[in-house]
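Peer 1: compute the structure for the input listed below.
(one chain, ligands or ions: 1)
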Amino acid sequence: MSKPLYHVVSLSGGKDSTAILLGMIERGMQIDCILFCDTGLEFPAMYDHLNRLERNIGRKITRVRCEQSFEYLMFDTPVKRKADMPFARKYGLNQTGYGWAGPRMRWCTSKLKDGPRERFLRSIREKYDVIDYIGIAADEGYRLERKHNKNSSHVHPLVEWGWTEADCLKYCYDQGYDWSGLYELFKRVSCWCCPLQSLSELRQLYKHFPELWSKLKDWDKRTWRKFRADYSVEELETRFIFEEQRLADGLPIKGKTFFSELKERLGTVESN
Ligand code: SF4
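Peer 2: Down below sits the predicted model:
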């Protein structure tokens, strides 16, 4: 005998999942749980947005969180590593913590998002068949091709409604949600410290969020893994300062001269 259905809206707080939530409420669709996995790494404006959303819709947002903090996992947790791994050859075997996430090692996604979420849903699944409403926009069809998005219990309302990412943002703006301008600066809004952000997003972080940038620099100094393959946070800062100087002088921030002068400056950073 099949179990009753339990409708869960997976809310990241971003424009797409916010649009799903508001759109479902507008359509009178059943929602049993609004689930937010809190990494502790959202921009302050995102936490404000979630609190405001919760107040406005008059429904509770269920917040789940990993028992261990990002900082503990990044710097201090003991990690067993095999001596013959490239990591051990490069950094030794005594390094604790997972370090910055990389393109092939997004430990924070599994530890801080997927794990707490699955632990929460496990107990619900004992009694219900969970239907998961996921924020993939109509113009992100490529994401539907990924294996984990082909789960038969996943529903993609934005695709069904034909709402693109731009439609979602406009719909949220029209409803009075503007994330204090975050989407004016960033195409995607996720963990502020993510090393997988684009260079342009990191430039915005440097320019507009000096306190977070300072924390980023501090964290980068405390971990064994370089922030990005091409730049440490301090090197990025050197680049951004250099860019500002060049722009003030009316000079381009690309091309051979720019990069050879940047290389010289970065050489100075490395030798400090
Ligand atoms: S957005 Fe970046 S930092 Fe945040 S969980 Fe995903 S990979 Fe990790």
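Peer 1: quick one, domains of this protein?
Peer 2: Using automatic domain parsing, the domain parsing of the chain gives 5-186, 197-272.
Peer 1: could you pull out the strands for the stretch 51-200 of the chain?
Peer 2: Applying DSSP state E, counting those that start in this stretch to the stretch 51-200 of the chain gives strands spanning 62-64, 129-133, 154-155.
Peer 1: so which of the domains of the chain is nearest the ligand?
Peer 2: domain 5-186 (3.2 Å; Cβ to the nearest ligand atom). (C-beta placed from N, C-alpha, C; glycine too.)
Peer 1: do the closest one and the ligand meet?
Peer 2: Yes - counting by Cβ under 6 Å from any ligand atom, the ligand is contacted by domain 5-186 at 39, 41, 101, 106, 108-109, 112-113.
Peer 1: and what of stretch 202-216?
Peer 2: No - Stretch 202-216 stays clear of the ligand (Cβ under 6 Å from any ligand atom), getting no nearer than 11.2 Å.
Peer 1: and that stretch, how far from the chain's centre?
Peer 2: 15 Å (Cα atoms, centre = their mean, to the nearest Å).
Peer 1: now do stretch 123-132
Peer 2: Distance, centroid of stretch 123-132 to centroid of chain: 26 Å (Cα atoms, centre = their mean).
Peer 1: let me see the mean pLDDT of stretch 125-140.
Peer 2: Stretch 125-140 shows a mean pLDDT of 93.
Peer 1: coming back round to it: for the strands of the stretch 51-200 of the chain, give me CSV that also has distance to Gln95.
Peer 2: Shown next, in CSV, are the strands of the stretch 51-200 of the chain (distance: least, Cβ to Cβ, whole Å):
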stretch, distance to Gln95
strand 62-64, 29
strand 129-133, 36
strand 154-155, 37
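Peer 1: could those strands go into a markdown table alongside mean neighbour count?
Peer 2: Formatted as a markdown table, those follow (neighbours: other Cβ atoms under 10 Å):
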| stretch | mean neighbour count |
| --- | --- |
| strand 62-64 | 15 |
| strand 129-133 | 17 |
| strand 154-155 | 16 |
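Peer 1: distance check, the residue lying closest to Gln175 once chain neighbours are set aside against Asn56.
Peer 2: Sequence neighbours aside, Leu22 is the residue nearest to Gln175 in space, at 5.8 Å (criterion: Cβ to Cβ, 6 or more residues apart in numbering). For Leu22, the distance to Asn56 equals 9 Å [Cβ to Cβ, to the nearest Å].
Peer 1: what about these two, which has more around it?
Peer 2: Leu22 (19 against 13; other Cβ atoms under 10 Å).
Peer 1: what helices and strands are in contact with the helix or strand encompassing the more buried one?
Peer 2: Secondary structure from DSSP states H and E places Leu22 in helix 15-26. If you count contacts as 3 or more Cβ pairs under 8 Å, 6 or more residues apart in numbering; DSSP states H and E, helix 15-26 packs onto strand 5-10, helix 44-57, helix 157-161, helix 165-174.
Peer 1: turn those into CSV, including distance to Ile124.
Peer 2: Output for those, formatted as CSV (distance: least, Cβ to Cβ, whole Å):
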stretch, distance to Ile124
strand 5-10, 6
helix 44-57, 20
helix 157-161, 20
helix 165-174, 27
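Peer 1: just name the most buried of these.
Peer 2: Greatest average neighbour count among the helices and strands packed on helix 15-26 goes to strand 5-10 (a mean of 19), per mean count of other Cβ atoms under 10 Å.
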